[in-house]
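Novice: Predicted structure and sequence below. I'll ask about it afterward.
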Amino acid sequence: MSIDVIVRNLPYLMEGFKVTLYLAAISIVLSFFLGTFLGMARIAKSALIRIPATVYIEVVRGTPLIMVIFWIFFLLPIVVGHSIEPFTSAVAAFVIFTSAYIAEIVRAGIQSIPAGQVEAALSSGLNYWQTMRHVVLPQAITKMIPPLVGQFIALFKDTSLAYIIGVLELTRRATIVNNREFRSFEIFTCVALIYFVVCYGMSRYAKFLEKRRRVGERTESEKKVVPEPEMLVENAQA
Amino acid sequence: MNYDFDWAVLWEYRGLLLQGLVITLQLSVVSVILSTVFGVIFGIMRLSKNVVVRMIASAYVEFFLNTPLIIQLFFWYFALPMVFPESVQAWLWAHNYEFVSGVIGLTIYTSTFIAEAVRAGIQSISHGQTEAALSSGLTGFQTLWYVILPQAVKVVIPPICNQFLNLIKNSSLAMTIAVPELTYQAQAVEAYTFRGFEAFTAATLIYIALTLTVSLFMSRLEHWSAKERQAAAA
């Protein structure tokens, strides 16, 4: 063991950590919006909207993330006619992949709101979008937050796959340092710890939000809430 | 879009893709079995009364749950052998260590998710049952074995099945440590022919077929076990 190799390469690795953070932040925001629309489309009345959304979600959820990354990498240049930055390709792949999982979370959240509320809102004169915007989504979102954070943790870990198409993020830089220094033990332990600190922090935050939500519900309804089984991240790729 | 599709290359290289599929299946089956065993053990350990046992299990689960699988694979593949003397290293490389480290990585990573599912499942069984079982004279182990686990299994099966599906998809990451599974072979076809589009379409379809088959089989199993229970109750 030598700490030396870590100290020497830490600035280089931290540069990569910054790229990892950018990758994750951009992908989280975009996949949240795309996922919300897909989730709503998935339960739309019109089959024309519902069926394509369902197919998209099911196909993506059946495919490994690596495949999506390769697809973007090989398919997009053919469609657009010129090569694309690895960073952009990676973001596109993460958004396509994660939005399918977020769509399922959104769908479950919306479906957990009693249908009577939607009917009441519609019959009181609100249109579909107003009902969604003012009645359903504000309630659904509190239930969706814990699984959403879980999905964002998964996405944060997934950004390590951008290494495959040459994005110089944390994992890529770790392998570069490793090829130069031959100190796999120290380097990969250090990088694992960096990822761990961020993901563990996010998961603690999710647990805190979950606890607060349960307390809130209890005081709101003044009745005993049956404790739900701990939330589980349905998907977690690498 | 001017790209001439050449699907014939797939037929030409079908052998490679098939070999890849076989390795993917081997990797998945071995890791599914091992990760279930480890997951159940660590899930139960996390609820132990003994602080040391609980801490060990929590540290294991939290650490491996919150680090990327790819880093874990690199660690088992590149770093672990360095601990051993050179003769052992040579032996490892001669005995398909890529596959072994792939199994280690997938098993440990998946077992943390299974452990969380098992823990949640056990916690969903009301505490009164444990107390009733203990006060009726069962030992702690008997309570777990005869009262808690049979009920927890029902709750736990769907999330564990989900993890099996994730494991199959995650096995594609083993290509980064040179395990010649399906994704690796698809990339090989791309390298030989520059037909990335066709090669990855084929591999994607195989993965989708695989996950669909497994999830159909599992929902059948759930359906069947629900029927069994109804029959037993009647």
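Specialist: Looks like it arrived, so ask away.

Novice: Around A:Ala121, how many other residues sit close by?
Specialist: 18 (other C-beta atoms under 10 Å in any protein chain shown). In this view, the C-beta of every residue, glycine as well, is placed from N, C-alpha and C.

Novice: mind listing what it touches?
Specialist: A:Gln130, A:Thr131, A:His134, A:Val135, A:Val136 (C-beta atoms under 8 Å, 6 or more residues apart in numbering or on different chains).

Novice: Equivalent analysis for A:Ser27, please.
Specialist: When contacts are counted by C-beta under 8 Å, 6+ apart, A:Ser27 is found next to A:Val91, A:Phe94, A:Val95, A:Thr98, A:Leu155, A:Thr159.

Novice: from those, which would you call buried?
Specialist: Neighbour counting over the contacts of A:Ser27 (16 or more other C-beta atoms under 10 Å in any protein chain shown) leaves A:Val91, A:Phe94, A:Val95, A:Thr98, A:Leu155, A:Thr159 as the buried ones.

Novice: quick check, nearest of these to chain B?
Specialist: A:Thr159 (8.1 Å; C-beta to the nearest C-beta).

Novice: Do I have it right that the closest one meets A:Val95?
Specialist: No. Taking C-beta atoms under 8 Å as the contact criterion, A:Thr159 and A:Val95 are not neighbours in contact, 11.8 Å apart.

Novice: does B:Val29 sit in a helix or strand, and which one?
Specialist: helix B:14-45 (DSSP states H and E).

Novice: ok, whatever helix or strand comes next after that helix near chain A or not?
Specialist: From helix B:14-45 onward toward the C-terminus, using DSSP H and E, the following helix or strand is helix B:51-65. Yes. Helix B:51-65 lies within reach of chain A by C-beta under 8 Å from any C-beta of the partner chain, at B:Glu62, B:Phe63, B:Leu65.

Novice: helices and strands around the very next helix or strand once past helix B:51-65, which ones?
Specialist: If you walk from helix B:51-65 toward the C-terminus, the next helix or strand you reach (DSSP H and E) is helix B:69-74. Applying 3 or more C-beta pairs under 8 Å, 6 or more residues apart in numbering or on different chains; DSSP states H and E, one finds that helix B:69-74 contacts helix A:170-181, helix A:184-221, helix B:97-123.

Novice: want to throw those into JSON lines with distance to A:Val29?
Specialist: Rendered in JSON lines, the data for the helices and strands packed on helix B:69-74 read as follows (distance: least, C-beta to C-beta, whole Å):
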{"stretch": "helix A:170-181", "distance to A:Val29": "20"}
{"stretch": "helix A:184-221", "distance to A:Val29": "15"}
{"stretch": "helix B:97-123", "distance to A:Val29": "26"}
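
Novice: Which of those has the highest mean neighbour count?
Specialist: For the helices and strands packed on helix B:69-74, the largest average neighbour count (mean count of other C-beta atoms under 10 Å in any protein chain shown) is found in helix B:97-123, namely a mean of 24.

Novice: tell me the angle of that helix relative to helix B:51-65?
Specialist: With axes from the mean of the first three to the mean of the last three C-alpha atoms, to 10 degrees applied, the angle from helix B:97-123 to helix B:51-65 works out at 120 degrees.

Novice: What residues of the longest helix seen in chain B count as buried?
Specialist: What stands out as the longest helix in chain B, according to DSSP state H, is helix B:196-233. Judged by neighbour count (16+ other C-beta under 10 Å), helix B:196-233 contains these buried residues: B:196-204, B:206-208, B:210-211, B:214-215, B:218.

Novice: Once you drop chain neighbours, what's closest to the residue nearest in space to the middle of chain B?
Specialist: Centre of chain B computed as the mean C-alpha position; nearest residue by C-alpha atoms, centre = their mean is B:Leu167, 3.8 Å away. Of all residues beyond its chain neighbours, the one nearest B:Leu167 is B:Thr110 (4.8 Å), with distances taken as C-beta to C-beta, 6 or more residues apart in numbering or on different chains.

Novice: try B:Ala152
Specialist: Taking C-beta to C-beta, 6+ apart as the measure, B:Ala152 lies nearest to B:Gly121, with 4.0 Å between them; neighbours along the chain are not counted.

Novice: Was I right to think that neighbour contacts B:Ile148?
Specialist: No. With contact defined as C-beta under 8 Å, B:Gly121 does not count as touching B:Ile148 (9.1 Å).

Novice: residue contacts, the residue nearest to B:Ala152?
Specialist: Going by C-beta under 8 Å, 6+ apart, B:Gly121 touches A:Pro229, B:Gly43, B:Ala152, B:Val153, B:Val155, B:Val156, B:Pro159.

Novice: so how far is stretch B:199-210 from its chain's centroid?
Specialist: Per C-alpha atoms, centre = their mean, to the nearest Å, the displacement of stretch B:199-210 from the mean C-alpha position of its chain is 19 Å.

Novice: same thing with stretch B:186-199?
Specialist: Per C-alpha atoms, centre = their mean, the displacement of stretch B:186-199 from the mean C-alpha position of its chain is 27 Å.

Novice: Pull out the buried positions in it.
Specialist: For stretch B:186-199, a neighbour-count test (16+ other C-beta under 10 Å) marks B:Ala186, B:Gln187, B:Ala188, B:Val189, B:Glu190, B:Thr193, B:Arg195, B:Gly196, B:Phe197, B:Glu198, B:Ala199 as buried.

Novice: quick one: the first one and B:Ala202 touch, right?
Specialist: Meaning B:Ala186. Yes. Taking C-beta under 8 Å as the contact criterion, B:Ala186 and B:Ala202 are neighbours in contact, 6.9 Å apart.

Novice: Find residues that contact each of these two.
Specialist: Common contacts of B:Ala186 and B:Ala202 (C-beta under 8 Å, 6+ apart): B:Leu17.

Novice: quick one on the thing from earlier: quick one: which helix or strand includes the residue nearest to the centre of chain B?
Specialist: Secondary structure here is read from DSSP H and E; on that basis B:Leu167 sits in helix B:149-170.

Novice: Distance from the chain centre to that helix, please.
Specialist: Going by C-alpha atoms, centre = their mean, the spacing between the C-alpha centre of helix B:149-170 and its chain's C-alpha centre is 10 Å.

Novice: Tell me the first helix or strand C-terminal of it.
Specialist: Secondary structure here is assigned by DSSP H and E; on that basis, the next helix or strand after helix B:149-170 toward the C-terminus is helix B:182-193.

Novice: Tell me if I'm right that B:Leu27 and B:Leu106 touch.
Specialist: Yes. With contact defined as C-beta under 8 Å, B:Leu27 counts as touching B:Leu106 (6.8 Å).

Novice: any shared contact partners between those two?
Specialist: Contacts common to B:Leu27 and B:Leu106, judged by C-beta under 8 Å, 6+ apart, are B:Ser171, B:Ala174.

Novice: quick one: which helix or strand includes the residue lying closest to A:Ile194 once chain neighbours are set aside?
Specialist: If you skip the residues right next to it in sequence, A:Ile194 has A:Phe17 as its closest partner in space, 6.2 Å away by C-beta to C-beta, 6+ apart. In this structure, A:Phe17 sits in helix A:4-42 according to DSSP H and E.
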